[in-house]
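Chemist: coordinates for the following, if possible.
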Amino acid sequence: MSRAPNYEFQEWWNKQREKENLDLFEDKSDQSSSPFITVDVTGNGNDGGSSKNRSDPSVKKERARSARQLSWVCLLKFQQIAATVGFISNGLLHVVKTANRRILSHDSPIDSSSSRLYRAIRVFLIVVIGLLGFELVAYFKGWHFRPPSVGSADVLGLVAVFYARWIDIRANYLAPPLQCLTNMCIVLFIVQSVDRIVLILGCFWIKFRRIRPIASVDYDGNVASVDYPMVLVQIPMCNEREVYHQSIAAVSIMDWPKERMLVQVLDDSDEVDIQNLIKAEVHKWQQRGVRIIYRHRLMRTGYKAGNLKSAMGCDYVKDYEYVAIFDADFQPTPDFLKKTIPYFKGRDDLALVQARWAFVNKDENLLTRLQNINLSFHFEVEQQVNGIFINFFGFNGTAGVWRIKALEDSGGWLERTTVEDMDIAVRAHLCGWKFIFLNDVKCLCELPETYEAYKKQQHRWHSGPMQLFRLCFVDILRAKISWPKKFNLIFLFFLLRKLILPFYSFTLFCIILPLTMFLPEAELPAWVVCYIPGVMSILGVLPAPRSFPFIVPYLLFENTMSVTKFNAMISGLFRFGSSYEWVVTKKLGRSSEADLVAFEKESEPLMRSNSLHRSNSDSGIEELSKLELSKIAPKTKKNRLYRKELALAFILLTASVRSLLSAQGIHFYFLLFQGVSFLVVGLDLIGEQVS
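Modeler: A predicted model of the protein is given here:
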């Protein structure tokens, strides 16, 4: 028998829903004054009880949510989850499509396969795939958990005989030398980690004690013009179409007496249209009263070192006391010289004042974010600590001011390596000169946004130090400096940070770790694979705290770059042909549009104070021809496929499958993520997408 419908409850429920629907559109500030009905769920449903609760201020009023409100909330949450899943799915689908298109495309350029390292990696890949197939057969036969012995293998068959022999060989002959190599790399890893921790502690001490260099003079408005020292400013460049104008403009408006400063634009460009553009830019600033000259070499020998050496050979250089060097993509602030030159006053043993780099495109893509982490640690920790406690660090090649006497005393610029900046710094240190690093003086520059440009830059930066180490090792031993300084140069500066770091990073995580999956008798502890690298990554991100969300990509990418750094280190150490390659890092001129407007505004006083008028050579016809030259379209670029990175990706992914069979959790996840990282880099899916 059915229950009779309760019309009174239905009428109350309809009124309640109407009131709650109105409350959805009311302001929350008015809810406290608006009347509403509450339902007593404790069983006290009389009016007296509810009026008592309403009159008591200690009881918090709460409005019960209706079924319709709950459905709206659930629907909103579902839409948010669906949007997130859709975004991630679309991103992954886009990456897969891009990777598939580049793999199948015949137009995607592939890096050279003639490298000795690539051939060795390819052989290693074939061996690893063969071992995985052997292990899969053993796994499905049940030998993975109960391997056959040599004596009982004859009963099980020919495959069991081979597997039993393989277990015996790997346990007695292959695992011991691999374990020795593993232990050696672990020791090197610990030493390098201790070095990094010491540098971090030194940086904390500098921050805690507020230690910083102090200038003995201040060039303010009360200093007469004749009291300013003579400064030579050099801008070496080569085919810098995108950034030449912003560097010339930034240097030309520096706040320094014009009669006490000369700007040299050292152009090594081999393209005539770029030469004409740079000449026109120099002429424009000459018309505005800036003492600036254009120099071009007919023979580009010695690259940047030869360019600087040629410029220092001019007769008028003897009239100048200091030289400031800026690469083509660097934009010093107008007060750069006033912040750096004062530190030379009263310190006759000071050779170099180095400023810090700041990056205009550090948030452009994932590649630039990871570079910013690495370089922030280099400047904030390495350069600052070495400058404060040792008075020596490697010259960064730009954004620095040299005492010309120190350059001449050290032998000047030499063309024997591709790291002429480090070369002159080491020779000056051996001659007893001191350096100062200014962490609070920054010079804007640009980071490479494509993996191709970044890889070529890193190859030069890691092959050059090994060339230099071969050349100056004997000079360091013979130099008249203290043995602690010799130890710092040989062990810390060269061996530990330039040779040992890329060696153990590549060997440990790209060779030994995959091999230990197939040779389980050789053990690589989990703290070496995960815990210490994680702590080191956290310490590396400390100088750039906004980059903490990128700790994991930073760790994986640094291991991925180890193959490039290792290859460069080996080529420089053994003087292979690739160690002498010099490729200008490609720039895009990210800051040129906004900064040129500011440069033009800063140069207006120069225009008003200058008595010279526009000459006939600076006419509209020349400007028109300049624009026509600038319209020349650059060559179409294509994303590349990198063989070494792709081969290592398949090696690590194959090893991750073997790790999954043996249920090694942390090793499996590391191999999987590191293999995916190599795959992303090998397909050129990191950095600017140019094709």
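
Chemist: the closest residue in space to residue 674 that isn't next to it in sequence: how many residues sit nearby?
Modeler: The shortest distance from residue 674 to any non-neighbouring residue, by Cβ to Cβ, 6 or more residues apart in numbering, is to residue 652 (5.3 Å). (Glycine included, C-beta is placed from N, CA and C.) Neighbourhood size, residue 652 [other Cβ atoms under 10 Å]: 27.

Chemist: what's the pLDDT at residue 652?
Modeler: pLDDT for residue 652: 96.

Chemist: ditto for the one 3 residues further on
Modeler: Residue 655 is assigned a pLDDT of 94 by the prediction.

Chemist: my guess is it contacts residue 671, does it?
Modeler: Yes: in this structure, residue 655 is within contact of residue 671 by Cβ atoms under 8 Å, at 5.1 Å.

Chemist: give the residues shared as contacts by those two.
Modeler: 513-514, 517 (Cβ atoms under 8 Å, 6 or more residues apart in numbering).

Chemist: can you get me a residue count around residue 242?
Modeler: The tally of other residues near residue 242 (other Cβ under 10 Å) stands at 17.

Chemist: returning to what we had before: for the residue nearest to residue 674, what are its contacts?
Modeler: 510, 514, 671-672, 674-675, 678.

Chemist: nearest to residue 127 among these?
Modeler: If you rank these by distance to residue 127 using Cβ to Cβ, residue 514 comes first, at 10.2 Å.

Chemist: the closest one belongs to a strand?
Modeler: No: counting by DSSP: H, G, I helix; E, B strand; the rest coil, residue 514 is not part of a strand but helix.

Chemist: mind listing what the closest residue to it other than its chain neighbours touches?
Modeler: Closest residue in space to residue 514, ignoring its immediate chain neighbours: residue 655 at 3.6 Å, by Cβ to Cβ, 6+ apart. Residue 655 makes contact with 128, 513-514, 517-518, 671, 675, according to Cβ under 8 Å, 6+ apart.

Chemist: farthest pair within those?
Modeler: Across the contacts of residue 655, the longest distance by Cβ to Cβ is 15.1 Å; it joins 518 and 675.

Chemist: tell me, please, where in the stretch 451-600 of the chain the pLDDT is lower than the cut-off.
Modeler: For the stretch 451-600 of the chain, the stretches flagged by pLDDT under 70 are 578-580, 582-583, 586-600.

Chemist: which residue ranges of it form helices?
Modeler: According to DSSP state H, counting those that start in this stretch, the stretch 451-600 of the chain carries its helices in the segments 451-478, 483-487, 501-506, 513-518, 526, 532-541, 551-573, 592-602.

Chemist: which among the ones you listed is found nearest to residue 254?
Modeler: Taking those one by one with Cβ to Cβ, helix 592-602 is closest: 9.6 Å.

Chemist: the spatially most central residue of the chain in helix, strand or coil?
Modeler: Centroid-nearest residue in the chain: residue 371, 0.9 Å away (criterion: Cα atoms, centre = their mean). At residue 371 the chain is in helix, as set by three-state DSSP.

Chemist: what sits against it?
Modeler: Applying Cβ under 8 Å, 6+ apart, the residues contacting residue 371 are 359, 362, 447-448, 454.

Chemist: and if we set it to 10 Å?
Modeler: Contacts for residue 371 (Cβ atoms under 10 Å, 6 or more residues apart in numbering) come out as 359, 361-362, 447-449, 454, 457-458, 557, 687.

Chemist: what about it, distance to residue 686?
Modeler: 11 Å (Cβ to Cβ, to the nearest Å).

Chemist: check residue 570 too.
Modeler: Applying Cβ to Cβ, the value for residue 570 to residue 686 is 24 Å.

Chemist: and for residue 648?
Modeler: Separation of residue 648 from residue 686 (Cβ to Cβ): 15 Å.

Chemist: the two: which is more packed in?
Modeler: Using other Cβ under 10 Å as the criterion, residue 648 and residue 686 rank with residue 648 on top: 31 against 20.
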